[in-house]
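>>> 3D, please:
(2 chains)
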Protein chains: 2
Amino acid sequence: MALVMTSPAFDRLCVVLVSTRNPLNIGAAARAMCNFGFQHLRVVHPYDAAFREARSAVGASRLLEEAEEYLSVADAVADCTLVVGTTAAGNRQLMHPLYILEDGAAIILEELLRPRGDMRRVAILFGPEKPGLSNDDLSHCHWLMHVPTGDEQRSMNLGQAVAVCLYELARNTSVTAPSDFSPSPASAEELERMTVALLNALHSSGYMGTPSAEDKEASVRRLVRRMNLSSADTSLWLGMLRQILWKLRSKE
Amino acid sequence: MALVMTSPAFDRLCVVLVSTRNPLNIGAAARAMCNFGFQHLRVVHPYDAAFREARSAVGASRLLEEAEEYLSVADAVADCTLVVGTTAAGNRQLMHPLYILEDGAAIILEELLRPRGDMRRVAILFGPEKPGLSNDDLSHCHWLMHVPTGDEQRSMNLGQAVAVCLYELARNTSVTAPSDFSPSPASAEELERMTVALLNALHSSGYMGTPSAEDKEASVRRLVRRMNLSSADTSLWLGMLRQILWKLRSKE
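Reported below is the predicted structural model:
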């Protein structure tokens, strides 16, 4: 199973939520942070002071408790060497370089992974639900990043936008342990044993009883080979077919 | 600016929400679908009949209006040739191949982009908020997919999980369409028809007659999904199984 590596580099990333209206969205952001291995949440004057009790923060209550509250964007990003704003990039003339998430995330990761003595922090800013980051908020950013969305509905839900951005960051560092179990394939001997069992059942049922029985046999044999059977599945089939055959014969 | 290409291939993907508790999550899923250019939402007995009014469906009210409601997973995926389950892959012994999102999405895209005359649909299933998809739900799936998350908080919010999965699909639409001439795969409806025929034969033969019949049913259903059946091979199997069943019953 693939797991996210809780990279020490991730410890240098801050998610900054600016003027969030709905505390459920702060909770959802916190939950996504936990999902993908990020710890530092900063909020800039949220509309609801009771955001720490957000019900949507399943499994993220500690992170929410430790969230730092700031009075201004400037304060919230003061210790960061890279400040990235997020935007739906819709109806506004942007004065910043704009990257799609995939490219932006690559730059952020590079910054986080740079081997340095000092603590280089990176902040990703998310604006309030409807209007997004203001021009003043954006002026604190080095560049902007957006999730490519369709024309019809460009703007994302805040909690979903945070989840997608953090997924993209974590995606690149996730360790892929063998995620699919590929069971050992059936041997030709096993396949033939199953074929014979199937043919016997078919003979007993009268299915093969026409002049073209030989053609049918070959067709059944090919059919079994097309099944991509594992060794274990062959056993399962054998068990079923033998039971069916037993029953068919017991009644002859 | 990079935009999601509303690929006609996306028109073949169905998001299937199974037994969703919170209508806000259905709304959030609908919104993410709009964001990334997907149109077909199917819901299987949601807990709240008023889900179409979900406030979280900003910009997605038409999609929500057109969402199709089903009484069972089998019905909801009947016309699909690939059925993918999502799971947090935490505390359950999985009986299916499991891919991380990135790899799973690549397989799904390949399926969606295959040039065919017929309509190949792909379903991605999302289970109810807390327990996720049941073993019975999962037995309708060809394989499973999960978003790699950390140990601390493995399970994602439903709306966020949908957003992340669709983002990953939309992220890379430049996949080149494969051009092989493999036979058209069986639809979920055909697979289920074959499963039922096989189960009937097994019941008649006495194979299922132990207390654990329900487990066995799910195991047979999964077995059939692992067979990589083409539509034509399903017909062949159906013919054989029906003949066997007829013979078994004629002697009862």
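>>> going by C-alpha atoms from here, please, whenever you check contacts or count neighbours.
Will do.
>>> doesn't B:Gly27 make contact with A:Asn157?
No: with contact defined as Cα atoms under 8 Å, A:Asn157 does not count as touching B:Gly27 (10.4 Å).
>>> those two: who's more crowded?
B:Gly27 (25 against 22; other Cα atoms under 10 Å in any protein chain shown).
>>> look at the nearest residue to the more buried one once chain neighbours are set aside and report its pLDDT.
Spatial nearest neighbour of B:Gly27, excluding adjacent residues (Cα to Cα, 6 or more residues apart in numbering or on different chains): B:Ala57 at 4.0 Å. Predicted confidence (pLDDT) at B:Ala57: the value is 84.
>>> what about B:Ala57, distance to A:Leu191?
According to Cα to Cα, to the nearest Å, B:Ala57 and A:Leu191 sit 52 Å apart.
>>> tell me the average confidence for the helix or strand containing A:Glu69?
Using DSSP states H and E, the element containing A:Glu69 is strand A:68-70. Averaging pLDDT along strand A:68-70 yields 96.
>>> the next helix or strand after that strand - contacts with which helices or strands?
Going down the chain from strand A:68-70, the next helix or strand is helix A:73-76, by DSSP H and E. In terms of contacts (3 or more Cα pairs under 8 Å, 6 or more residues apart in numbering or on different chains; DSSP states H and E), helix A:73-76 is packed against strand A:40-44.
>>> just for chain A, where's the confidence low?
For chain A, residues meeting the criterion pLDDT under 70 lie at A:1-7, A:90-93, A:115-119, A:173-183, A:210-211, A:251-252.
>>> the residue nearest the centre of it: which element?
Nearest to the geometric centre of chain A sits A:Tyr167, at 6.1 Å (Cα atoms, centre = their mean). For A:Tyr167, the enclosing helix or strand under DSSP H and E is helix A:158-171.
>>> re earlier: what's near enough to touch the residue nearest to the centre of chain A?
A:Phe36, B:Val164 (Cα atoms under 8 Å, 6 or more residues apart in numbering or on different chains).
>>> quick one: is stretch A:143-155 near chain B?
Yes: with Cα under 8 Å from any Cα of the partner chain as the criterion, chain B is reached by stretch A:143-155 at A:Pro148, A:Thr149, A:Gly150, A:Asp151, A:Glu152, A:Gln153, A:Arg154, A:Ser155.
>>> okay, now the first one: neighbour count?
When you say that, I think you mean A:Pro148. Using other Cα under 10 Å, A:Pro148 has 24 other residues around it.
>>> and chain A, what are its domains?
As assigned by automatic domain parsing, chain A contains the domains A:8-171, A:188-250.
>>> which among those is found nearest to B:Asp48?
domain A:8-171 (18.7 Å; Cα to Cα).
>>> ok, and the closest non-adjacent residue to A:Pro128?
Distances taken as Cα to Cα, 6+ apart place A:Thr20 nearest to A:Pro128, at 4.5 Å, with adjacent residues excluded.
>>> ok, the one you found to A:Phe36 distance?
21 Å.
>>> do A:Trp237 as well
41 Å.
>>> those two: which has the busier surroundings?
A:Phe36 (30 against 18).
>>> nearest residue to that one other than its sequence neighbours?
Using Cα to Cα, 6+ apart and skipping residues adjacent in sequence, the residue nearest A:Phe36 is B:Thr149, 5.2 Å away.
>>> tell me what the host helix or strand of A:Leu241 is packed against?
Element membership for A:Leu241, per DSSP H and E: helix A:231-250. The contact analysis (3+ Cα pairs under 8 Å, 6+ apart) places helix A:231-250 against helix A:188-205, helix B:188-205, helix B:231-250.
>>> return the most buried member of the ones you listed.
With neighbours taken as mean count of other Cα atoms under 10 Å in any protein chain shown, those reach their highest mean count in helix B:188-205, at a mean of 21.
>>> could you list every helix and strand that that one packs against?
With contacts defined as 3+ Cα pairs under 8 Å, 6+ apart, the packing partners of helix B:188-205 are helix A:231-250, helix B:73-76, strand B:80-86, helix B:213-225, helix B:231-250.
>>> would you map the strands across the stretch 1-150 of chain A?
In the stretch 1-150 of chain A, the segments counted as strands under DSSP state E, counting those that start in this stretch are A:13-18, A:40-44, A:68-70, A:80-86, A:98-100, A:121-126, A:143-146.
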